[in-house]
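In: requesting a structural model of the entry that follows:
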Amino acid sequence: MVGPRRIALCILAVVAMAGGAACQQTGTASSSAPSTSAPTPLVVGLGFIPSVQFAQFYLAEERGYYRAAGLAVELQNRIDPELITLLGQGAIDIGNGDGTSVIPAVSQGIPVRYVATVYARFPSVVFAKASSGIATPADLAGRSLGIPGRFGGSWIMLQALLASAGLDPDDLTIRDYPDFGQGVAVAQDQVEAATGFINNEPIQLERSGDPATILRVDEITPLPGPGLVVGTATLESKREPIRAFIAATLRAMAEIAADPDIGVEATVARVPDLGQDRALQRAILDATIQTWQSPITDANGLGAIDRAAWQESVDFMAGLPDSVVARPVTLDELLDDSLLPPP
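Out: Model (predicted):
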């Protein structure tokens, strides 16, 4: 695995080139003379609910990495479909969007590009109580499974898991929980399994005393997880500020991977209510950090984009019976990895 210190040093070099930033050995921005030019404003869209999952953005802001790179960052919380549309319109400059949302969006004419990976391993999973006997995708046949709805990355992930065992959704009893209560449904034995996120529902289940079984899609169909997404017009008008933002964010990710507690503290400083259960926040962050890393990021650094995996995902999603991919799309229409720091 590439060491967090090496990643941080590489990223720091890019931040310095892009925004004139430097850092002290303590990891905080230096007190060198600020640039006389006005900072570039960037509106950044995160997930719908403030969370420790976004600790890297909070830490980069708290430690002044964005400011040192010549950026005035405004963090907003948005739901994913709304975020992708706003990015395409240029109403938001850069956002943490789901790769499985980018593919259909681009196929439907929304002009966005995925520019850096955040979740190198797909975070959506199927989980169950270990006592259920569900250990492989084949074990889902004839079982009851809860989902929030037949949409989004979790629905695509479920179809990939089932297809790997020669199954389809009709081979299960699927129950909808539009209020995202499927995790509670598993805990209360209303259903035997459910879709969820590796850094959410399975953690809650195990904290209630039930060991969890988790089925992941990565080795079956490597779906692209959430990452940094930018509208094409913004890429043209703010290319260097976007490059600096990516570098500063990846620097904070590397530091949190090396010391998760600083991510928890940065999150609590930003969202004080989350400090009521720091142990839970640390467990969520630990699970999140694991998704940031993969053989691709080990070899190329945090943020690296696995183009081969994206192509597999495009092919799989386009071939689904009720595919939302309106037309064939190429990787060059979806991705721009030229803004990433060198490995």
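In: how long is stretch 133-143 end to end?
Out: 11 Å (Cα to Cα, to the nearest Å).
In: ok, and what's touching it?
Out: Outside stretch 133-143, the residues that touch it by Cβ atoms under 8 Å, 6 or more residues apart in numbering are 126, 128, 132, 161-162, 164-167, 171-173, 192-193, 213, 215, 220. Placement of C-beta: from N, CA and C, glycine included.
In: in this structure, mark out all the strands, start to finish.
Out: Assigned by DSSP state E, the strands in the chain fall at 40-46, 71-77, 94-97, 112-117, 124-129, 144-147, 173-176, 193-197, 212-215, 227-231.
In: with mean neighbour count and distance to Asp315 added, can I get those in CSV?
Out: Converted to CSV, the strands of the chain look like this (neighbours: other Cβ atoms under 10 Å; distance: least, Cβ to Cβ, whole Å):
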stretch, mean neighbour count, distance to Asp315
strand 40-46, 20, 28
strand 71-77, 17, 33
strand 94-97, 25, 21
strand 112-117, 26, 17
strand 124-129, 24, 19
strand 144-147, 22, 24
strand 173-176, 14, 25
strand 193-197, 26, 22
strand 212-215, 19, 22
strand 227-231, 25, 19
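In: any chance of those strands in TSV, plus distance to Asp259?
Out: Shown next, in TSV, are the strands of the chain (distance: least, Cβ to Cβ, whole Å):
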stretch	distance to Asp259
strand 40-46	22
strand 71-77	22
strand 94-97	22
strand 112-117	21
strand 124-129	26
strand 144-147	36
strand 173-176	40
strand 193-197	23
strand 212-215	26
strand 227-231	23
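In: of those, which is nearest Glu265?
Out: With Cβ to Cβ, the closest approach to Glu265 among the strands of the chain belongs to strand 71-77: 17.0 Å.
In: can you say which of the strands of the chain is nearest to Asp277?
Out: strand 193-197 (17.7 Å).
In: domains for this structure, by residue range?
Out: Using automatic domain parsing, the domain parsing of the chain gives 4-121+224-334, 124-215.
In: lowest-confidence stretch among these?
Out: When the domains of the chain are ranked by mean pLDDT, domain 4-121+224-334 comes last with a mean of 88.
In: show me the helices in the stretch 101-250 of the chain, by range?
Out: 152-164, 182-187, 201-207, 232-237, 239-258 (DSSP state H, counting those that start in this stretch).
In: show me what the third one packs onto, helices and strands only.
Out: Helix 201-207 is packed against strand 124-129, helix 182-187, strand 212-215, helix 278-292, with contacts defined by 3 or more Cβ pairs under 8 Å, 6 or more residues apart in numbering; DSSP states H and E.
In: just the buried residues of it, please?
Out: Across helix 201-207, burial judged by 16 or more other Cβ atoms under 10 Å covers 201-205.
In: the last one too?
Out: Under the neighbour-count criterion of 16+ other Cβ under 10 Å, helix 239-258 has 241-257 buried.
In: quick check: closest non-adjacent residue to Asp210.
Out: Distances taken as Cβ to Cβ, 6 or more residues apart in numbering place Lys129 nearest to Asp210, at 4.9 Å, with adjacent residues excluded.
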